[in-house]
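Undergrad: Here is a sequence with its predicted model. Questions after.
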Amino acid sequence: MKRILVQDTLDKIGKEVLLKGWVNTRRDHGKIVFIDLVDRSGLIQVVAQSTIVPELAAGFVVAIEGTVRNRPENMINPKIETGKIELEARKIEVIAKSEVYPFDMGKPDLEVELPTLLDYRGLTLRHPKVHAIFKVQEVVIDSFRRSLQEKGFVEFQAPGIIPAIPEGGTEVFEVQYFDHKAYLSQSPQLYKSLLVSSFERVFSVNQIYRAEPSVTTRHIAEATSLDAEFGFIEDWTEVRDMAEYVIKYVLRSVGEKCVKELELFGATLPKVAERIPTIKLREAQQIIYERTGRDHRQEKDPDPEDEREICRWSSEEKDSELVFISHYPTKTRPFYTYPDEADPEYNQGFDLIGRGVEWMTGGRRIHDYETLLSHAKQWGIDPEKISLYLQGFKYGMPPLGGFAFGAERITMHILGLTNIREASVFPRDMERVDLRLSTQANGGDEDSSAFEQLLDFLNQAAIDYQLFEHKPVFTSEEAAKVRGTKPEQGAKALVMYADRNPIMVVLPGNLKVDVKQLKADLGFKDIKMATPEEVRKLTGVEIGAVPPFGNLFKMSLYVESKLSANYEIAFNAGRHDRSIKMKYADFIKLTKPQIGSFSAQVA
RNA sequence: GGACCCGUGGUGUAGCCUGGCCUAACACGCGUCCCUGUCAAGGACGAGAUCGCCGGUCCGAAUCCGGUCGGGUCCGCCA
């Protein structure tokens, strides 16, 4: 039988079907068992006699064959889409088991804190509410595309690596690019403008990177930028109107396609007036002054409280939760922004503010080559560094402008999320790239810390050991000399990659590893020595000073059987100038290594 | 970079201010048993935390103080 989706069971009443999906919850009534089965299309209740139900719990992947039945009148559940029917199971097969979930997934709300939400991203994404966030995001991005395609815009793929920082201010990530420095793109701005000279109207959906050393609820280091740019405009209001068309299109699409998702969050789309109001920055500041007495009339930029206040004003006076602010001081915006003819102190750039924060930024750009060149110089930018960009202008550029939305921000503010990280499937910020960086092994002055870690570990285990201070040593022989031990007593710790996983191999100081034997003995296909850099990264310790405690660095530990010939062993304690001597038996007891035979005489 | 707040079983929280009835509470989850109509199932019983870590004050610390590590919020920054 062919698998069908939960949503397609609705018109299969009385028919035999095969469903596959995850067990969401299981309600056991003794002889009868209810299982809520979910797949990508929805949730359905399965009823089964307990005799045919295998061991099952939330998270299990199952295939269930049975008959779709109408539920008795009094057992209809209006809360779920398939509430009028259920699947009477005939056969339940477990496709994959699941560990017990670390938190409750069966509840309408996922009650976890942000770090837990992100640490278990693979799991939390299964929750309907979390799911809904990314459904909305998909519609945001898709409708952005459609809105522009309808206006004759061409999509292009913006590069992620850029040669130079074209503008000061924003912090960018530097990357090692072969023998040169390059940067991760913080905006496709220059590329999209350049493309106007060949395609007239372009847009892109791409990742942008910002190395701002800040942790806020509305910034992430990697974001999805929705960019558009087009030529042959008469003035900047045409750019604004296009942006207005796009955002209205996007909001309308979300309203139509995400009814359920919005409902889950109790979210409503922002009110938008027939025409989104537009005010100049100075006007906005005047309004704020009159409403609150806060005098920011000379500020170059609205602060977060100003943005919230102007949204309140717009909401109350103009019946619009979205508002454009235009005409920022020319000097505070990038070199390519078009100064206003009437008052060149201010420019034809604008932001779209919604629900108290910036949703979009855009403006008209300078298209005249000579003007652009002189602006670049005034802004302290070397024209050489933006020669590719200038090229488009040198050979004929129509008047142009454009704008950019942040997909995560829009998602966040439509749904009323409090932290933008919730609106990014895999958010990157200063402290996190999938996992908290602080929990990862890292470089730095780890010499002492690996040393201290080791001592802590030994002290906690409450075993006897001797600590030696000595001049720095770098070879097993030297070490044996300064410690007054025999070379074979030295426990030499080598870091290797076995089938790409770091492992630690320990053997007597006078012997070397026989890689062939090691492979054969431990059943690895591929073994190679870690480079000194890799060792430092993995252990925080220089080669030669690595203590034979693989467990401290979360590596599997393999010990050469010949080491057991020593009553006591000695090794460097994470520093070249510190050694530890301890009983072999204690070492084995503490580290519980795998023991094997893989040494060879030093030639 | 600045200010403030938080760290208690697997998860989410109470307790802290006003130290001792804390042998640490509650909800969910988990385990065993009961249950043929539940749908956030229900019932009975049970396991699970030396209260982030280190130090100090005190007869006595989850509770007060200092340090440290981790987390969060607001502000700055965000061309």
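TA: Yep, it's here.
Undergrad: Spell out which residues make up each domain of chain A.
TA: Listed by automatic domain parsing, the domain ranges of chain A are A:3-96, A:129-436, A:446-601.
Undergrad: closest one to A:Met105 among the ones you listed?
TA: Proximity to A:Met105 (CB to CB) singles out domain A:3-96 among those, at 6.3 Å. C-beta coordinates here come from the backbone N, C-alpha and C atoms, glycine included.
Undergrad: what about that closest one and RNA strand B, any contact?
TA: Yes. Legend: contact between domain A:3-96 and RNA strand B by CB under 7 Å from any atom of the strand is shown at A:25, A:27-32, A:34, A:36, A:45, A:47, A:49, A:57-58, A:71-72, A:75-77, A:79-80, A:83, A:86.
Undergrad: try stretch A:322-329
TA: No. Applying CB under 7 Å from any atom of the strand, one finds stretch A:322-329 separated from RNA strand B by no less than 9.0 Å.
Undergrad: re the thing from before, which stretch in the domains of chain A is the model least sure about?
TA: Between those, the one with the least mean pLDDT is domain A:446-601; it has a mean of 76.
Undergrad: Quick check: closest non-adjacent residue to the closest residue to RNA strand B within the stretch 1-150 of chain A.
TA: Residue of the stretch 1-150 of chain A nearest RNA strand B, by CB to the nearest atom of the strand: A:Gly30 (2.9 Å). Distances taken as CB to CB, 6 or more residues apart in numbering put A:Ser50 closest to A:Gly30, at 6.6 Å, once the chain neighbours are dropped.
Undergrad: My guess is the one you found contacts A:Asp28. True?
TA: Yes. A:Ser50 sits in contact with A:Asp28 when judged by CB atoms under 8 Å, with a separation of 7.3 Å.
Undergrad: Which helix or which strand is home to A:Asp521?
TA: Taking DSSP states H and E as the definition, A:Asp521 sits inside helix A:515-522.
Undergrad: What ranges does the stretch 251-400 of chain A have for its strands?
TA: In the stretch 251-400 of chain A, the strands defined using DSSP state E, counting those that start in this stretch lie at A:278-280, A:322-326, A:349-354, A:357-365, A:400-406.
Undergrad: Pipe the ones you listed into JSON lines and attach mean neighbour count per row.
TA: Below are those laid out as JSON lines (neighbours: other CB atoms under 10 Å):
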{"stretch": "strand A:278-280", "mean neighbour count": "18"}
{"stretch": "strand A:322-326", "mean neighbour count": "24"}
{"stretch": "strand A:349-354", "mean neighbour count": "25"}
{"stretch": "strand A:357-365", "mean neighbour count": "22"}
{"stretch": "strand A:400-406", "mean neighbour count": "25"}
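Undergrad: what's the span of stretch A:413-420 from first residue to last?
TA: 9 Å (CA to CA, to the nearest Å).
Undergrad: Pull out the buried positions in that stretch.
TA: Under the neighbour-count criterion of 16 or more other CB atoms under 10 Å, stretch A:413-420 has A:His413, A:Ile414, A:Leu415, A:Leu417, A:Ile420 buried.
Undergrad: Would you check which pair of those lies furthest apart?
TA: A:Ile414 and A:Ile420 (12.5 Å).
Undergrad: what comes up buried for the helix holding A:Asp521?
TA: Neighbour-count burial for helix A:515-522, counted by 16+ other CB under 10 Å, picks out A:Val515, A:Leu518, A:Lys519, A:Asp521, A:Leu522.
Undergrad: now those residues as TSV including distance to RNA strand B?
TA: Shown next, in TSV, are the buried residues of helix A:515-522 (distance: CB to the nearest atom of the strand, whole Å):
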residue	distance to RNA strand B
A:Val515	38
A:Leu518	36
A:Lys519	38
A:Asp521	37
A:Leu522	33
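Undergrad: could those go into TSV alongside distance to A:Ile92?
TA: Shown next, in TSV, are the buried residues of helix A:515-522 (distance: CB to CB, whole Å):
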residue	distance to A:Ile92
A:Val515	49
A:Leu518	46
A:Lys519	44
A:Asp521	44
A:Leu522	40
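Undergrad: Mind picking the one among these that's closest to A:Ile220?
TA: A:Leu522 (42.2 Å).
Undergrad: and the residues of domain A:3-96 next to RNA strand B, which are buried?
TA: With burial judged by 16+ other CB under 10 Å, the buried subset of the residues of domain A:3-96 next to RNA strand B is A:Thr25, A:Asp36, A:Gln45, A:Val47, A:Ala58, A:Glu86.
Undergrad: can you tell me which of these are in helices?
TA: Applying DSSP state H to these, no entry is found in helices.
Undergrad: The residues you listed: which two are farthest apart?
TA: Largest pairwise distance in these, by CB to CB, is 18.6 Å, between A:Ala58 and A:Glu86.
Undergrad: Next, give phi and psi for A:Leu195.
TA: phi -70, psi -20 (degrees, to the nearest 10).
Undergrad: My read is that it contacts A:Arg201, right?
TA: No. Contact criterion CB under 8 Å: A:Leu195 and A:Arg201 do not qualify, at 9.2 Å.
Undergrad: who's the closest residue to A:Phe144 other than its chain neighbours bridged to?
TA: In space, A:Phe144 comes closest to A:Leu226 once its chain neighbours are excluded; the distance is 4.7 Å by CB to CB, 6+ apart. Counting by DSSP bridges, A:Leu226 is bridged to A:Val205, A:Phe405.
Undergrad: would you list every one of the helices in the stretch 51-200 of chain A?
TA: A:114-119, A:121-124, A:128-149, A:189-199 (DSSP state H, counting those that start in this stretch).
Undergrad: swap that for the stretch 451-600 of chain A, sorry
TA: Using DSSP H, counting those that start in this stretch, the helices of the stretch 451-600 of chain A run over residues A:476-483, A:515-522, A:532-539, A:584-591.
Undergrad: any chance of these in TSV, plus distance to A:Ser41?
TA: TSV is the format used below for the helices of the stretch 451-600 of chain A (distance: least, CB to CB, whole Å):
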stretch	distance to A:Ser41
helix A:476-483	64
helix A:515-522	46
helix A:532-539	44
helix A:584-591	50
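Undergrad: and of those helices, who's closest to A:His296?
TA: Evaluated with CB to CB, these place helix A:532-539 nearest to A:His296, the distance being 47.9 Å.
Undergrad: counting contacts, what elements does the closest one pack onto?
TA: Contacts defined by 3 or more CB pairs under 8 Å, 6 or more residues apart in numbering; DSSP states H and E place helix A:532-539 against helix A:446-461, strand A:491-498.
Undergrad: Repeat the analysis, applying 6 Å as the threshold.
TA: The contact analysis (3 or more CB pairs under 6 Å, 6 or more residues apart in numbering; DSSP states H and E) places helix A:532-539 against no helix or strand.
Undergrad: for that helix, which positions count as buried?
TA: Buried, per 16+ other CB under 10 Å, within helix A:532-539: A:Glu534, A:Val535, A:Arg536, A:Lys537, A:Leu538, A:Thr539.
Undergrad: Now the two most distant members of the residues you listed.
TA: Put simply, by CB to CB the two of these set farthest apart are A:Glu534 and A:Thr539, 9.3 Å from each other.
Undergrad: anything in contact with each of those two?
TA: Counting by CB atoms under 6 Å, 6 or more residues apart in numbering, no residue touches both A:Glu534 and A:Thr539.
Undergrad: got a markdown table for the buried residues of stretch A:413-420, with secondary structure too?
TA: A markdown table is the format used below for those (DSSP: H, G, I helix; E, B strand; the rest coil):
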| residue | secondary structure |
| --- | --- |
| A:His413 | helix |
| A:Ile414 | helix |
| A:Leu415 | helix |
| A:Leu417 | coil |
| A:Ile420 | helix |
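Undergrad: And the strands in the stretch 501-603 of chain A, which stretches?
TA: Remark: strands assigned in the stretch 501-603 of chain A by DSSP E, counting those that start in this stretch are A:501-508, A:511-513, A:527-529, A:556-560, A:568-572, A:578-583, A:594-596, A:599-601.
Undergrad: Many thanks, have a good one.
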